[in-house]
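Visitor: turn this into a structure:
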Amino acid sequence: MQRIQTNIDVNSKEFKENETHMKGIVAQLDQMQQQVRYERPERDMKRIKRQNKMFVRDRLELLLDPGTPFLELSTLSANMKYDGSVPSAGIISGVGIVSGREVIIHAEDATVKGGAWYPLTVKKIVRLLDIAIENRLPVIHLSDSAGGFLPEQSELFPDRYNAGRIFRNKAILSKLGIPQLSIVLGHCTAGGAYIPGMSDYSVIIKGTGAVFLGGPPLVKAATGEIVTVEDLGGCDMHTQISGAVDYPAQTEPEGIAIAREIMAQIKRPQKYPIEQQEPEAVYYNPEELYGILPKDTKVQYDMREVIARIVDGSRFHEYQPAYGTTIVCGYAHIWGYKVGILANNGVLFNDSSLKAAHFIQLCDQNQTPLVFLQNITGFIVGRDYEMRGITKDGSKMIMAQAGAEVPKFTIMCGGSFGAGNYGMCGRAYDARFLFTWPKHQISVMGGEQAANVLTDIKVKQLKREGKNLSPKEIAAIREPVLADYERQSSAYYSTSEIWDDGLIDPVGTRNALGIAISASLNTPIKTPHYGVFRM
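Guide: Numbering: from 1, shown residues only. Prediction:
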């Protein structure tokens, strides 16, 4: 493959201004991630120490193989919910290496409301188990939870993708033969009891670990029975009498060591054999991405310059380079894995939609994973384009993308508006992993357009009622709408709601994709099959 020829002047004023701006944004991201990972109220840290427990990230460090990468998911989930009091939605999730095996980890943080499950906690657990199912990844649960946060019970218990989905997914994992292991480090109450109860292997820490459907206060209230934690669901009872837990441990380090031994007995899966070659370092400096991304998100930039700083050797074989030029399609390698890349270089026209649909089918036929780099305002609108069949051609792209059997990965680089989100494998389209850059924006349409449309509707309504508004009164209607749109379309809102698998530094994109692609290859790739394309 030929190396991409860059047109970036790293010494230009524009580049330097972009670089300074983007580094400031990344520094803010790093600071926020550092806070949610490590900063807790002193009283909560003292409580953990008093209970003779380890901090959740210290547990994680003991569990993972030394010197191996850990791809943390949704670090800033719930950052704009619950008044910011539930960092990372109360759990850590991510893909890592334990005893040489790729696993996904679910680790509860007892410094956050005693490890209680909020609605977004449940959503995050369901998502990590979906990832485990899609990618055939063994699951390790570090269980230390007070159970569901009862004031929010109506939002976390009854619906299809609420807490019941956690245990449904655990049952599906077992059905597929995907191993699950639980380490009971604290109380596992009510639904939380089924985390170890439905795992293939379980370890419990004596003195701090406990498993029961109802704790001593509930048992007393329901039956009048007075019972201690240890007698009701402690280590000795479950490992010696009920058999609900397999291995006793005296300390957390011992329990984690036992878990690592268990994982060492699990058969390694055979990776699906997609085309690979020896990894090659990126030729251009990935940190140049900071200067390539414009300060103004409305300014278009050439996605080839982004691709050149992500893929092996900055080499790229572009498909149909002279046709449908508002989308860039082609082949490259990331950490040695061959991928097909689709990247937006403008609005999707008829020709670019058809080009994308055809390229997706080629990759699917050739069993080449797909990487989508989104920076899209949507499909083109207007009478002439409708007459040419933009709705029909856009539908072809969505049909091809949704029907593809190969693993798909999406990076939200810039804007993601309207049906462009759909064609470029947005959240609804089962990307194995979807990551967001911190300047990303997402909504049905841009904030300016939405504010103008909604304001215009309101002004016309008032005019029919005989009220003519001054420019100042019109602005008073428009500005709150614009502010609300901007807040809800921001990358931080998106990741707070778990519409992605995490905000990442653009420079870390290559590594995130490398881990994600590797994890995806535990699952066989099916033979391509599509529905009906309107011709």
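
Visitor: residues near Pro524, how many?
Guide: 10 (other CB atoms under 10 Å). (Each C-beta comes from the backbone N, C-alpha and C, glycine too.)

Visitor: and for Glu61?
Guide: Glu61: 13 neighbours (other CB under 10 Å).

Visitor: got the residue ranges for the helices in the stretch 1-150 of the chain?
Guide: In the stretch 1-150 of the chain, the helices defined using DSSP state H, counting those that start in this stretch lie at 13-38, 42-50, 56-63, 119-135.

Visitor: distance between the last one and the chain's centre?
Guide: Taking CA atoms, centre = their mean, to the nearest Å, one finds helix 119-135 lying 9 Å from the centre of the chain it belongs to.

Visitor: which elements pack onto it?
Guide: Judged by 3 or more CB pairs under 8 Å, 6 or more residues apart in numbering; DSSP states H and E, helix 119-135 is in contact with strand 71-73, strand 91-98, strand 101-108, strand 139-145, helix 153-156, helix 163-175, helix 509-520.

Visitor: most packed of these?
Guide: Mean neighbour count, computed with mean count of other CB atoms under 10 Å, is highest for strand 139-145 among the helices and strands packed on helix 119-135, reaching a mean of 28.

Visitor: most packed of the helices of the stretch 1-150 of the chain?
Guide: helix 119-135 (a mean of 23).

Visitor: now the angle between helix 509-520 and that one, please.
Guide: Counting by axes from the mean of the first three to the mean of the last three CA atoms, to 10 degrees, helix 119-135 lies at 60 degrees to helix 509-520.

Visitor: could you check the angle helix 119-135 makes with strand 139-145?
Guide: Using the same axes, to 10 degrees: helix 119-135 against strand 139-145 is 160 degrees.

Visitor: I'd like the average pLDDT over helix 119-135.
Guide: Across helix 119-135, pLDDT averages out at 98.

Visitor: can I get that helix as PDB, trimmed to CA atoms?
Guide: Extracted C-alpha coordinates of helix 119-135, given in PDB (Å, rounded to 0.1, in the frame of the first residue of the first chain):
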ATOM      1  CA  PRO A 119     -30.100   3.400  36.300                       C
ATOM      2  CA  LEU A 120     -26.900   4.400  34.400                       C
ATOM      3  CA  THR A 121     -25.000   1.800  36.500                       C
ATOM      4  CA  VAL A 122     -27.400  -0.900  35.200                       C
ATOM      5  CA  LYS A 123     -27.100   0.500  31.600                       C
ATOM      6  CA  LYS A 124     -23.300   0.300  31.900                       C
ATOM      7  CA  ILE A 125     -23.400  -3.300  33.200                       C
ATOM      8  CA  VAL A 126     -25.800  -4.400  30.500                       C
ATOM      9  CA  ARG A 127     -23.600  -2.800  27.900                       C
ATOM     10  CA  LEU A 128     -20.400  -4.600  29.100                       C
ATOM     11  CA  LEU A 129     -22.200  -7.900  29.100                       C
ATOM     12  CA  ASP A 130     -23.500  -7.100  25.500                       C
ATOM     13  CA  ILE A 131     -19.800  -6.600  24.600                       C
ATOM     14  CA  ALA A 132     -18.900  -9.900  26.200                       C
ATOM     15  CA  ILE A 133     -21.600 -11.700  24.200                       C
ATOM     16  CA  GLU A 134     -20.700 -10.100  20.900                       C
ATOM     17  CA  ASN A 135     -17.000 -10.700  21.300                       C
END
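
Visitor: now what about the helix or strand harbouring Thr455, what contacts it?
Guide: Element membership for Thr455, per DSSP states H and E: helix 447-464. Helix 447-464 is contacted from outside by 441, 443-445, 468-469, 474, 477-479, 481-482, 485-486, 489, using CB atoms under 8 Å, 6 or more residues apart in numbering.

Visitor: of these, select the buried ones using a PyMOL command.
Guide: Here is the PyMOL selection string for the buried members of those, based on 16 or more other CB atoms under 10 Å:
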select buried, resi 441+443+445+477+478+481+482+485+486+489
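
Visitor: tally of neighbours for Glu275?
Guide: Counted with other CB under 10 Å, the neighbours of Glu275 add up to 14.

Visitor: ok, it - contacts?
Guide: Glu275 is in contact with 338, 368, counting by CB under 8 Å, 6+ apart.

Visitor: pLDDT weak spots in the stretch 301-450 of the chain?
Guide: Low-confidence segments of the stretch 301-450 of the chain (pLDDT under 70): 445.

Visitor: now with 90?
Guide: Residues of the stretch 301-450 of the chain meeting the criterion pLDDT under 90: 418, 443-450.

Visitor: any chance you could map the strands in it?
Guide: 317-319, 327-334, 337-344, 370-376, 408-417, 433-436, 441-443 (DSSP state E, counting those that start in this stretch).

Visitor: which neighbouring elements make contact with the last one?
Guide: Other helices and strands packing on strand 441-443, by 3+ CB pairs under 8 Å, 6+ apart, are strand 408-417.

Visitor: in the strand it packs on, which residues are buried?
Guide: Applying 16+ other CB under 10 Å to strand 408-417 flags 408-417 as buried.

Visitor: can you check stretch 376-393 too?
Guide: By neighbour count with 16+ other CB under 10 Å, stretch 376-393 contains the buried residues 376-380, 385, 389-390, 393.

Visitor: gap between the residue nearest to Gln51 when sequence neighbours are not counted and Lys271?
Guide: In this structure, Gln51 finds its nearest non-sequential neighbour in Thr208, 6.3 Å apart by CB to CB, 6 or more residues apart in numbering. Noted for Thr208: a distance of 38 Å to Lys271, by CB to CB, to the nearest Å.

Visitor: between the two, which is the more surrounded one?
Guide: Thr208 (22 against 14).

Visitor: phi, psi for the more buried one please.
Guide: The phi and psi values for Thr208, taken as degrees, to the nearest 10, are phi -120, psi -30.

Visitor: contact partners for Arg315?
Guide: 1-4, 280, 283, 332-333.

Visitor: make it 6 Å
Guide: Arg315 makes contacts with 1, 3, as judged by CB atoms under 6 Å, 6 or more residues apart in numbering.

Visitor: hey, what's it bridged with?
Guide: Beta-bridge partners of Arg315, counted by DSSP bridges, are Arg3.

Visitor: go on, Leu434?
Guide: Note on Leu434: beta-bridge partners Thr410, judged by DSSP bridges.

Visitor: what's the distance between it and Gly224?
Guide: 51 Å.

Visitor: same deal with His187?
Guide: Taking CB to CB as the measure, His187 falls 22 Å from Gly224.

Visitor: got the phi and psi for Arg534?
Guide: The phi/psi pair for Arg534 (degrees, to the nearest 10) is phi -80, psi 110.

Visitor: looks like it contacts Gly394 (just checking).
Guide: No - using CB atoms under 6 Å, Arg534 is not in contact with Gly394; the gap is 10.5 Å.

Visitor: okay then, goodbye and thanks.
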